[in-house]
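Peer 1: predicted model and sequence below, questions to follow.
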Amino acid sequence: MGLLDRINFGKKPAEPPERIDVNPAGTEIVIAWPGGVEATISAFTLRDACPCAQCIDESTGKKTLNPDTIPRDIHVESVEGVGNYAVKFNWSDGHGTGLYAWNTLRRVSGLPE
């Protein structure tokens, strides 16, 4: 089981929760989606896609994070669920402000949103 054993993917409390497992494994993150779909994303790629205000200019939407500043051996220190819609990764480089919505994780992994 992943660090996030169960995430309530549905919006109504009466809906059965869907299971999304997020498993950091060294320099990769494996996400198991409902329906048996699994995606593996490199930690570097995911850190580079951070959507937070430190990494993206809030006014223009332009990326401000320089990928050359990300260690190539970056890895996830911990993962936290954020409501029913996102996860927060705490990275080995000390960064931890980005909230990755499920559709962002699907897009970064190459899956349809």
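Peer 2: Good, I have the coordinates. Keep in mind it's a predicted model, so treat the numbers as computed, not measured.

Peer 1: quick check: beta-bridge partners of the most centrally placed residue in the chain?
Peer 2: Centrality entry for the chain: nearest residue to the mean C-alpha point is Tyr100, 4.5 Å, by CA atoms, centre = their mean. Beta-bridge partners of Tyr100, counted by DSSP bridges, are Val87.

Peer 1: what's the burial count for Leu46?
Peer 2: Using other CB atoms under 10 Å, the number of residues around Leu46 comes to 23. For every residue, glycine as well, the C-beta is placed using N, CA and C.

Peer 1: what helices or strands is the strand or helix carrying it leaning on?
Peer 2: For Leu46, the host element (DSSP states H and E) is helix 43-48. Using 3 or more CB pairs under 8 Å, 6 or more residues apart in numbering; DSSP states H and E as the contact test, the elements touching helix 43-48 are strand 28-32, strand 86-91, helix 102-108.

Peer 1: need the residues that contact the longest one.
Peer 2: Going back to what we said before, that points to helix 102-108. Residues lying outside helix 102-108 but in contact with it, judged by CB atoms under 8 Å, 6 or more residues apart in numbering, are 9, 20, 31, 33, 39, 41, 45-46, 49, 51, 85-87, 112-113.

Peer 1: how far is it from where the chain is centred?
Peer 2: The chain centroid and the centroid of helix 102-108 are separated by 7 Å, computed with CA atoms, centre = their mean, to the nearest Å.

Peer 1: and if you look at the first one?
Peer 2: With CA atoms, centre = their mean as the basis, the distance from the averaged C-alpha position of strand 28-32 to the chain average is 9 Å.

Peer 1: and it, average pLDDT?
Peer 2: Averaging pLDDT along strand 28-32 yields 95.

Peer 1: ok, Asn23 touching Val30?
Peer 2: Yes - between Asn23 and Val30 a contact is recorded at 4.5 Å, counting by CB atoms under 8 Å.

Peer 1: ok, back up a step: out of the helices and strands packed on helix 43-48, the one nearest Asp57 is which?
Peer 2: Within the helices and strands packed on helix 43-48, the stretch nearest Asp57 is helix 102-108; the backing value is 17.1 Å (CB to CB).
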